[in-house]
Structure formats: C-alpha cells, structure tokens
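> What follows is a predicted structure for the sequence shown.
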Amino acid sequence: MDFWRDFPGPNAGYVLELYERYRDDPASVDAQTRAFFEHWTPPADGHIAMPVEIPARGQAVDVDKIMGVVNLAQSIRGFGYLAAQLDPLGSAPPGDPALALDAHGLTEQDLEDLPASLVGGPVGQSSASAADAIRTLRRIYSSTTGYDTDHITVPEERAWLRDAAERGTYRPPQMPIDERALLERLTQVEGFEQFLHRTFPGKHRFSIEGLDVMIPMLDEVVCGAAGSGVQSILIGMAHRGRLNVLAHILHKPYRQMLAEFKDPVANRIFREDLGWTGDVKYHKGAFLSADQAEPCDVAITLSPNPSHLELVNPLVEGMTRAAGSSVDQGGAPRFDPLVTLPVLIHGDAAFPGQGVVAETLNLSGLPGYWTGGTVHIIANNQLGYTAEPEDSRSTRYASTLAKGFRIPIVHVNADDPVACIEAARLALAYRERFQHDFVIDLIGYRRYGHNEGDEPAFTQPLMYAAIDKHPTVRARWAQTLVERGAIDASEADALVDQRRETLQEVWEALDPVEDLSEPEPEPPPRGMARRVKTNVPVELLQELNETLLTLPDGFALHRKLARALDRRREALQDVDAVAVDWATAEELALATILADGVAIRMTGEDTERGTFSQRHAVFHDVETGATFTPLQALPQANAAFEIHDSPLSENAALGFEYGYNIQAPHRLVLWEAQYGDFVNGAQPIIDEYISSARAKWGQTPSLVLLLPHGYEGAGPDHSSARLERFLAMAAEKNMRIVNCTTAAQYFHVLRRQAALLEVDPLPLIVMTPKSLLRHPLVSSSLRALAEGGWQPVIDDPGAQNRVDEVQRLFLCSGKIYVDLVASDLREQHPEAAIARIEQLYPFPSEDIRHVLDCYPKLEEVVWVQEEPANMGAWPFIAFRLRKAIDGRWPLRYVGRTASSSPAEGSSAWHARNQETLVKQAYDRGPDEIAHDFIIS
C-alpha cells in the first residue's frame with residue numbers, strides 16, 4: 001500500500017501512526033518508507049520536527065519538510081487546475097497560494113534533497129527526486145489541462161481518475177494520435193465555416209470557430225464508443241457549432257446544407273393537410289444509421305433543439321433510456337447502460353444559467369432515469385450573447401454546477417488538440433468504467449459575434465482585438481507539425497486549398513430546389529380514432545382484476561388498502577353495478593394494454609401512489625418495507641411496465657418522457673402532474689416539442705399528459721391545468737385534448753391512445769379529476785368498459801325520453817357537469833338538458849350537431865364552465881359552437897368573469913361563486929349579472 005497516495009493530506013499524526021504500523025510489521029509499509037523508518041525514531045514528546053537521516057541522500061532533513069512535500073503534492077493534485085493555462089487567448093489563471101513552495105516551507109533545494117516516494121502515486125514511482133516528481137505533477141495538473149476532481153467522494157473513482165492522469169493512460173505515446181489525420185479534420189472544420197462565411201456573409205450559422213477541436217473530440221467519442229460495443233449515440237446541443245456537427249459527424253451532405261442557406265422560394269409550398277412549417281437550419285436534427293457511419297459502426301442521432309439552448313438535455317436522456325431498454329416481455333423493463341451513449345454539448349453561459357441543466361443532472365442517478373452516464377462537453381467561448389462571465393454566473397468556472405452531483409470535470413484549452421482528445425478519451429473510459437456522467441469544460445473563444453451579423457467589438461473590444469490577431473487552431477497545429485518536421489508548410493496550405501475547391505465545386509453544381517431535401521410528413525389519417533375498438537370482454541376484465549388483487553405470500557398490506565382491494569373485487573362481480581371508480585378503470589386499462597403487447601412507462605410526482613391516494617400502483621409491505629407492483633407481476637402481460645415517482649421537476653421530467661416517447665413510439669408513455677397547474681413549469685417542452693414538433697421537425701409524439709383539473713376551492717394553484725393554453729396551441733390536428741367525466745371514458749381513451757400509437761400518433765392531454773376520483777357520478781359499470789367505447793360527446797341520458805320538452809341545452813365539459821346534475825335545481829327544470837363535450841380537440845363538430853338536432857323545441861344553447869371567461873374552453877369553443885349552431889339559437893355563456901388569476905383563494909368564496917354559477921345556469925331571468933352574456 002502506498003500510504004502517501006491512499007491517505008491524502010497526512011499530518012504529523014499520520015506519520016506517527018504509520019511508524020506504529022511499521023513497528024508492528026515492517027512489511028506493512030513500502031520499501032522506501034521502511035528504509036526511512038529504519039533510521040528514524042520519533043521523540044518521546046511526539047514532536048517530529050527534528051533532523052532525521054534519509055539514507056538515499058545521506059543528509060539530515062526536518063520532518064516538516066517531508067510533510068511539506070506531501071502536502072504540496074496533494075495541493076497540486078487538488079488545485080493544480082487553478083494554475084492551468086486554459087485560456088487560448090492567454091489570460092492569467094487565478095492560481096492558488098497552496099501551489100507555491102513557500103506555503104509549505106519548501107525550497108527547490110529541499111525538493112532536490114528529498115525522495116520522490118514522498119509524492120506517491122505513479123509519478124512518485126517513476127521520478128528521480130521529489131523535485132522531478134513535483135515538476136511532473138505541475139506538467140500534468142497545471143498545463144493546458146486542469147483536472148477538477150477533488151470533489152469526487154467515491155475513493156475508487158478518485159483513485160482511478162488520478163491514476164489515469166498521472167500514468168498518461170489516454171495520451172500519446174501510450175495512445176498515439178494520427179497527427180496528419182487530425183490536421184485534415186481541423187482543415188475540414190475550418191474550411192467549411194470559412195466557405196459559409198465568404199459565400200453567405202451575414203447569414204446566421206453560429207460558427208464553431210474557436211472551438212474547432214470539438215469535432216475531433218466527437219470523432220474520438222463516437223469511434224471509442226463503437227469499439228466498446230455501444231450501438232447508438234444520442235447527441236443534444238444548442239446552435240453553436242451545430243452545422244459543423246451535422247456535416248462532419250452526421251454526414252449531412254454539403255449540397256443539402258448549401259441549399260438550405262440558398263433558401264429557394266420555389267421549394268416553399270404551404271400544404272394545410274401536412275401542418276408543416278419546418279425550422280431554421282441550425283435547429284434541425286439528423287440521424288445516421290450504423291451502416292452509414294464510416295469508419296465507426298454505430299448509429300448516431302442529433303436531436304433537434306429550439307433556441308431554448310439547454311431544453312434538449314432531458315430529451316436526449318429520455319431517448320437514451322428508451323434505446324437501452326428491453327420491454328418485450330412482462331415485468332419491469334431491462335436497461336443496459338452500455339448499448340447507448342448520451343452526449344450533451346452545452347453553452348458556457350447556459351450551463352449554470354438555465355435551470356433545466358441542474359434538473360437534468362439530478363436525473364442522472366435516479367433509478368427511473370439513469371442512463372449509464374453522459375459525456376458532457378461545455379462549448380466554452382467565455383462569453384454569453386454579449387454578457388461577460390461575471391454577469392452570467394456566480395461560479396468561477398462554467399462547469400462548477402456539476403460538482404454538486406459528484407461529476408468529474410476536466411478543463412481543457414481548445415487550442416491544444418492533443419489535450420482535448422485525451423480529455424475525450426478519459427471521459428469515455430470513465431463513463432464505461434463507472435456508468436456515471438463526466439464533464440469536459442472545453443475553453444476556447446468565439447471568432448465572430450453571437451451570430452455572424454453581430455458586432456462583438458461593441459461590448460468586448462479588448463477580447464476581440466486579441467481574437468483578431470489569434471491564429472486558428474488549424475494554423476497552430478499545422479505550425480506544430482511543421483516545427484516537428486512531420487510535414488512541410490506547403491502540405492498544410494494544399495489541404496486548405498483542396499477543401500476550398502471541394503466546397504466550391506459543390507456550390508457551382510448546386511440546384512437549390514432539387515438539393516433542398518426536407519421531410520414530407522404524411523398527413524394524419526382521417527377517421528382512425530373513431531374506428532379503433534377499445535372494448536374488452538367481461539371475462540378478461542374480471543380475470544385481470546383478480547390477478548391484480550393477488551399479493552405474494554406473506555405480503556403484509558396496510559389495512560386500509562386491504563379494505564380498498566376488497567371493494568375492488570366486489571365492484572366487478574355485477575356487470576351492471578355502477579361501481580368501477582376512476583383508479584380501477586385506469587389499472588384495468590393499463591393491464592389490458594400490456595396484455596395487447598404494448599409496453600407502458602408512467603412517471604410523475606408521487607405517481608406510484610397518486611397525489612390523491614387513488615392509484616397505489618406499488619404496494620409497500622408494512623412490516624418489511626418490501627414493494628410489489630401488480631402490473632409487473634401480471635402473467636397475462638406481453639410487454640413490460642414501469643412506474644416511477646419523478647423528482648420534483650416538471651421541465652426536465654416531462655422533457656425526459658418526451659424523448660423516451662420519440663425514441664420508442666410504439667410504447668405508451670404517460671406523465672402525470674401532481675396538480676395540473678404545475679404543468680406550467682414545463683411550458684417550454686409543451687410549446688417547443690409537444691405541440692409543434694410535428695410542424696417543425698416532422699416528429700410524431702404520442703405522449704400522454706394526465707393533468708388534475710377542477711375547481712374545488714383549493715385556490716389559484718390547485719384548480720386549473722390551464723386547459724385554455726392547450727386549446728390555444730391546438731391546430732392542424734397536432735394533439736388530442738379530452739376532459740373525461742366517467743371512469744369508462746378514461747378507460748376507453750387510454751386504450752384508444754395505445755391502439756393509435758402506430759397508425760395515428762398524437763399527444764393526448766387529459767384533464768383528470770381530483771375530488772371526483774371517488775364520486776359515484778363518475779363511476780361506471782363493468783359493462784360500460786366491456787361493451788362501450790370512447791364518446792367525444794355524451795348527450796343527457798335523462799332527456800332522451802323528453803326531447804320535446806327540452807328548450808335549453810347546457811353544453812359543458814368536465815367537473816362542472818357533476819355540479820349541474822347534482823344540484824337540487826336539476827329536477828325543477830325539466831326544460832333543460834345537459835350534454836358533455838368530452839373531447840375538445842379535434843373538435844367534434846358533427847357529434848355536437850347531432851345532439852343539437854335531437855331537440856326540436858330548442859330555444860337557446862348555454863355554455864357553462866367554472867373557469868373564468870378568458871380561461872377554460874370558452875375562448876376556444878365559442879366560435880366553433882356558433883358555427884355548429886349556425887344562427888338557429890342564441891348562444892349564452894355562464895361562468896366566472898374574466899380574471900388574471902385562475903381561481904379564488906378562499907374556499908368559502910369559491911363555494912359561493914360555484915353555487916351562484918349553477919343557479920344562474922338554471923334560473924335565467926331578466927336580470928343578468930356581469931359574467932353572463934349573450935353571443936348573438
């Protein structure tokens with residue numbers, strides 16, 4: 001055992017302890033330490049600052065000097081990165097006093113006189129003296145690479161990282177680099193950017209220049225991962241450098257990219273049936289199959305990303321989880337972390353600045369979200385749009401956020417391509433060894449402004465004066481090879497000319513219209529949602545229910561849950577008894593979907609139990625704490641089921657599920673908000689992906705959002721799932737939005753969604769109940785599950801025998817229906833019928849017209865909602881109802897007045913308003929109140 005390495009930062013007490021160990025068993029310490037102790041006796045008072053004899057040198061030395069060497073070595077290992085030359089533009093590193101000799105009472109001569117073994121580690125073993133060893137440590141830890149790993153608390157990981165750094169395991173000559181090939185690659189990268197700069201002056205491209213070495217680093221990661229058995233690599237990044245990654249990592253043809261810059265009008269046609277808008281070239285994604293990915297046999301996906309710079313992070317993690325999961329049999333999915341690799345490329349201002357980064361990092365170690373480790377590269381150009389680092393982060397380094405998640409960090413100078421490639425190799429090896437994240441802080445600069453039409457010297461004149469004079473990394477590497485005699489200057493120039501000529505030939509042969517290849521998504525099929533069958537035989541439902549109620553032998557269930565299971569067993573005995581509640585219908589729907597061979601993933605805050613203690617998908621043994629998931633023990637299942645409580649996150653958590661859904665479109669993926677209101681924490685995911693990804697990128701999500709919604713006096717933050725926002729985004733048949741009022745409706749809409757995954761995938765937004773979860777009016781019969789189907793509109797069952805009496809038709813959606821039918825006023829007004837619109841989008845115009853036509857004596861139509869007039873369905877539905885009514889009757893609105901807040905903060909105030917609302921719906925008189933108005 002090497003004491004000096006394995007016990008960092010020892011003090012005098014450790015020396016004495018080591019000496020005691022030596023006295024008990026001389027063989028328990030290494031040879032050099034043993035030789036030292038053979039000539040040393042500690043004083044009786046325990047003070048060890050006394051002269052001792054070092055046999056190798058034959059000189060007396062103070063033991064404080066020995067301790068000084070040990071502590072200096074540890075300081076360099078821990079804080080050497082603070083003295084590393086990381087900025088290509090030459091700014092001075094911050095340094096640290098602990099790195100100086102005098103901080104430890106040492107001189108250069110002291111180091112020359114002491115043995116290298118005091119330094120410990122591989123460097124101590126291979127050096128001639130402590131001076132030689134310290135110089136070597138400084139070259140390793142304070143050069144163009146800075147190892148920032150002292151926060152790693154797992155000893156095995158920390159020792160591995162230090163050993164890899166000090167042995168140079170991943171740097172030449174142990175792992176040679178093809179220096180000429182590296183020059184050719186850097187020439188490709190630079191040549192492409194410079195060609196675009198000359199050919200399309202002022203057009204946005206978000207150049208990689210200043211961080212050019214990122215492409216060779218990605219080459220290293222891609223080929224290294226392929227060599228270790230990884231089958232797919234999933235990359236997420238913002239726009240900085242994306243075009244170069246598309247061209248040189250994803251092999252997107254130059255002609256297609258140049259055509260996008262040319263942007264011909266002739267190829268821009270509007271097809272209403274497609275709902276296609278496309279997106280700008282530096283937001284687009286791409287896919288490269290394994291057989292196209294020469295020279296490395298691995299599939300590569302670059303996910304599209306909007307200008308929300310870090311929004312793609314959780315998507316890539318979800319895609320990775322889906323790609324590595326096997327779900328083709330019952331039980332829990334099986335995830336293999338070594339068949340997929342996520343790579344995230346961040347901006348230096350965005351990494352600490354955008355909360356979704358921290359949310360995503362927090363997912364990295366959670367059982368339901370772990371992906372086997374991510375390679376992070378911070379594309380650090382030392383500048384935000386125009387903001388300096390001191391204005392955009394509170395940390396010294398952009399990467400410091402990762403320390404809180406015990407992620408190793410390596411800072412590296414982007415002008416040293418060899419050091420950068422070593423960092424990429426180290427990251428990949430660490431990830432493979434420990435299945436944990438790794439961060440590379442790639443520190444470079446931005447040769448132009450944030451975009452190429454921007455003038456950066458307005459705000460950073462000194463920085464850009466230095467950049468204007470600074471040679472490119474290609475030029476620097478070419479000069480290095482010339483100085484080594486590896487090439488002559490004419491060869492480097494010839495490579496530049498060759499690259500320019502290649503791109504010029506492509507440009508001259510370009511047909512912008514023909515070469516502009518864009519996705520042409522098929523228009524959504526018509527009528528598929530109405531044709532699918534969602535009913536399930538009674539016998540199968542009863543069999544599945546009984547299986548789901550069967551616990552393992554000896555499993556001690558909470559007594560309250562045991563009684564609830566008994567009620568569920570009884571609920572399915574009589575096929576016509578209205579006894580199937582919401583949670584039972586949900587579990588039966590999921591069980592039948594698994595039996596049909598469709599895998600299910602369900603997540604959300606407190607989703608295993610359910611926010612309202614309604615689901616209990618995972619049972620807990622009250623005596624042992626063991627868990628049991630009935631849907632994973634289902635013998636009838638032909639696909640896997642998983643359910644996880646998510647972290648207290650909406651943005652990253654929903655983004656993860658979206659990524660999982662896109663990567664595995666044939667699996668049913670559900671995300672549940674704790675309260676529907678909380679979905680606004682994930683609004684960027686909804687805006688940029690769920691509602692518009694089909695139009696922008698040709699993606700076809702089918703993610704299910706379960707959003708508890710309903711006004712029960714819980715206040716502004718526990719009432720509304722912001723139905724109006726989803727309806728405002730609904731267009732071009734981009735999603736389905738429903739507000740179910742019965743357990744059977746929920747059962748059928750879930751089964752319909754699973755049946756449509758392959759033939760008509762769309763996101764499904766479900767307004768789910770809270771107080772109504774156990775309400776008898778929401779319960780359904782077993783027959784309704786077995787013989788019914790999804791109904792976009794439900795007419796008033798009590799009015800079917802008195803259609804000639806009905807003069808007023810109430811149309812509503814969701815919980816307000818229960819308030820209307822449960823009111824004492826219901827029986828006093830036989831002239832009023834109540835119909836429910838269960839599907840709000842796509843809007844069921846024909847179904848509504850059919851209901852309207854059922855009442856020949858109708859005099860008015862009333863839309864009733866509990867949400868304020870500027871919220872809920874009214875802003876969306878008013879025009880559509882007028883169109884369906886077609887001037888035959890007046891359309892009235894009954895509901896709360898427009899408001900800036902979703903609901904009252906007082907339960908008493910809520911109850912009074914709710915009572916008034918229901919009363920006004922029934923008792924219309926000549927005196928109208930302000931929130932009741934007529935649309936004529």
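Great, that's in hand. Please read all numbers here as calculations on a predicted model, not as lab measurements.

> hang on, isn't residue 317 packed against residue 362?
No - using C-beta atoms under 8 Å as the test, residue 317 is too far from residue 362 to be in contact (10.9 Å). All C-beta spots, glycine's among them, are computed from the backbone N, C-alpha and C.

> Looking at those two, which is more packed in?
Legend: neighbour count by other C-beta atoms under 10 Å for residue 317 and residue 362, higher for residue 317 (27 against 17).

> Against residue 202, how distant is residue 455?
The gap separating residue 455 from residue 202 is 11 Å, by C-beta to C-beta, to the nearest Å.

> How about the residue most central in space within the chain: what's its closest non-neighbour residue?
By C-alpha atoms, centre = their mean, the mean C-alpha position of the chain lies nearest to residue 314, the distance being 0.5 Å. Leaving aside its chain neighbours, residue 314 sits nearest to residue 655 (3.4 Å; criterion: C-beta to C-beta, 6 or more residues apart in numbering).

> Which of the three states applies to that neighbour?
Under DSSP: H, G, I helix; E, B strand; the rest coil, residue 655 falls in the helix class.

> now do residue 542
Criterion first, three-state DSSP; result for residue 542: helix.

> burial of it, as a residue count?
Count around residue 542 with other C-beta under 10 Å applied: 17.

> residue contacts, the nearest residue to it once chain neighbours are set aside?
Closest residue to residue 542 apart from its sequence neighbours, by C-beta to C-beta, 6+ apart: residue 572 at 5.3 Å. The contact partners of residue 572, by C-beta atoms under 8 Å, 6 or more residues apart in numbering, come to 541, 542, 545, 579, 580, 584, 782.

> Now do the phi/psi pair for residue 572.
With angles defined as degrees, to the nearest 10, residue 572 shows backbone torsions of phi -100, psi 10.

> What pLDDT does the model give it?
Residue 572 is assigned 92 on the pLDDT scale.

> which intervals of the stretch 51-200 of the chain have sub-threshold pLDDT?
The model of the stretch 51-200 of the chain has pLDDT under 70 over residues 51-61.

> Which parts of it are strands?
51-54, 59-62, 145-148 (DSSP state E, counting those that start in this stretch).

> My assumption is that residue 594 lies in a helix; please confirm.
Yes - membership of residue 594 in a helix is supported by three-state DSSP.

> ok, it to residue 328 distance?
Residue 594 is 12 Å from residue 328, by C-beta to C-beta.

> repeat for residue 183
From residue 183 to residue 328 the distance is 47 Å (C-beta to C-beta).

> Comparing these two, which residue is more hemmed in?
Taking residue 183 and residue 328 together and counting by other C-beta under 10 Å, residue 183 has the greater number of neighbours (21 against 11).

> how about that one, what does it touch?
Applying C-beta under 8 Å, 6+ apart, the residues contacting residue 183 are 474, 477, 478, 481, 487, 492, 495.

> rewinding a little: now intersect the contacts of residue 572 with the helices, please.
Among these, DSSP state H puts 541, 542, 545, 584, 782 in helices.

> ok, back up a step: give the contact list for the residue nearest to the centre of the chain.
356, 359, 360, 363, 651, 652, 653, 654, 655, 656, 658, 659.

> Toward the C-terminus, what is the element adjacent to the strand or helix carrying it?
For residue 314, the host element (DSSP states H and E) is helix 312-323. Toward the C-terminal end, the helix or strand that comes next after helix 312-323 (DSSP H and E) is strand 325-326.

> Show me how far that next one is from its chain's centre.
In terms of C-alpha atoms, centre = their mean, to the nearest Å, the centre of strand 325-326 is found 18 Å from the chain centre.

> what lines up beside that strand in the sheet?
The pairing partners recorded for strand 325-326 under DSSP bridges are strand 334-335 (antiparallel).

> Just name whatever secondary elements the helix or strand just after the partner strand is in contact with.
Downstream of strand 334-335, the next assigned helix or strand under DSSP H and E is strand 340-347. Packing partners of strand 340-347 (3 or more C-beta pairs under 8 Å, 6 or more residues apart in numbering; DSSP states H and E): helix 214-227, strand 232-237, helix 312-323, strand 375-380.

> any idea which of those is most buried?
Ranked by mean neighbour count under mean count of other C-beta atoms under 10 Å, the helices and strands packed on strand 340-347 are led by helix 312-323, which reaches a mean of 29.

> what angle sits between it and strand 232-237?
For helix 312-323 against strand 232-237, the angle between stretch directions is 170 degrees (axes from the mean of the first three to the mean of the last three C-alpha atoms, to 10 degrees).

> average pLDDT for helix 312-323?
97.

> What of stretch 734-751?
97.

> Between the two ends of it, what distance do you get?
Distance across stretch 734-751, first residue to last, is 19 Å (C-alpha to C-alpha, to the nearest Å).

> chain center to that stretch: distance?
For stretch 734-751, the distance to the chain centre is 27 Å (C-alpha atoms, centre = their mean).

> try stretch 506-518
For stretch 506-518, the distance to the chain centre is 35 Å (C-alpha atoms, centre = their mean).

> in it, what counts as buried?
506, 510, 512, 515, 516 (16 or more other C-beta atoms under 10 Å).

> okay, it in PDB with CA atoms only?
Extracted in PDB, the C-alpha atoms of stretch 506-518 (Å, rounded to 0.1, in the frame of the first residue of the first chain):
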ATOM      1  CA  VAL A 506     -20.400  21.500 -54.700                       C
ATOM      2  CA  TRP A 507     -21.600  25.100 -54.700                       C
ATOM      3  CA  GLU A 508     -21.300  25.500 -58.500                       C
ATOM      4  CA  ALA A 509     -23.100  22.300 -59.200                       C
ATOM      5  CA  LEU A 510     -25.900  23.100 -56.800                       C
ATOM      6  CA  ASP A 511     -29.500  23.100 -57.800                       C
ATOM      7  CA  PRO A 512     -31.100  24.800 -54.800                       C
ATOM      8  CA  VAL A 513     -34.600  23.500 -55.500                       C
ATOM      9  CA  GLU A 514     -33.600  19.900 -56.200                       C
ATOM     10  CA  ASP A 515     -31.000  19.700 -53.500                       C
ATOM     11  CA  LEU A 516     -33.200  21.100 -50.800                       C
ATOM     12  CA  SER A 517     -34.400  17.900 -49.200                       C
ATOM     13  CA  GLU A 518     -37.000  18.400 -46.400                       C
END
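
> Next one: residue 306 from residue 748, what distance?
Residue 306 is 35 Å from residue 748, by C-beta to C-beta.

> Which of those two has more residues huddled nearby?
When residue 306 and residue 748 are compared for neighbours, residue 748 comes out ahead with 27 against 20, by other C-beta under 10 Å.

> distance between stretch 324-337 and the chain's centre?
20 Å.

> That one: which residues count as buried?
Buried, per 16+ other C-beta under 10 Å, within stretch 324-337: 324, 325, 327, 330, 331, 333, 335, 337.

> now, which of those residues sits nearest residue 787?
residue 330 (27.0 Å; C-beta to C-beta).

> surely that closest one meets residue 594?
Yes - using C-beta under 8 Å, residue 330 is in contact with residue 594, at 6.8 Å.

> Give the residues shared as contacts by the two.
634, 636, 637, 638, 639, 641.

> Which pair of those spans the longest distance?
Going by C-beta to C-beta, the pair spanning the shared contacts of residue 330 and residue 594 furthest: 636 and 641, at 11.7 Å.

> of the two, who's got more company?
Taking other C-beta under 10 Å, residue 636 and residue 641 do not tie; residue 641 has more neighbours (27 against 14).
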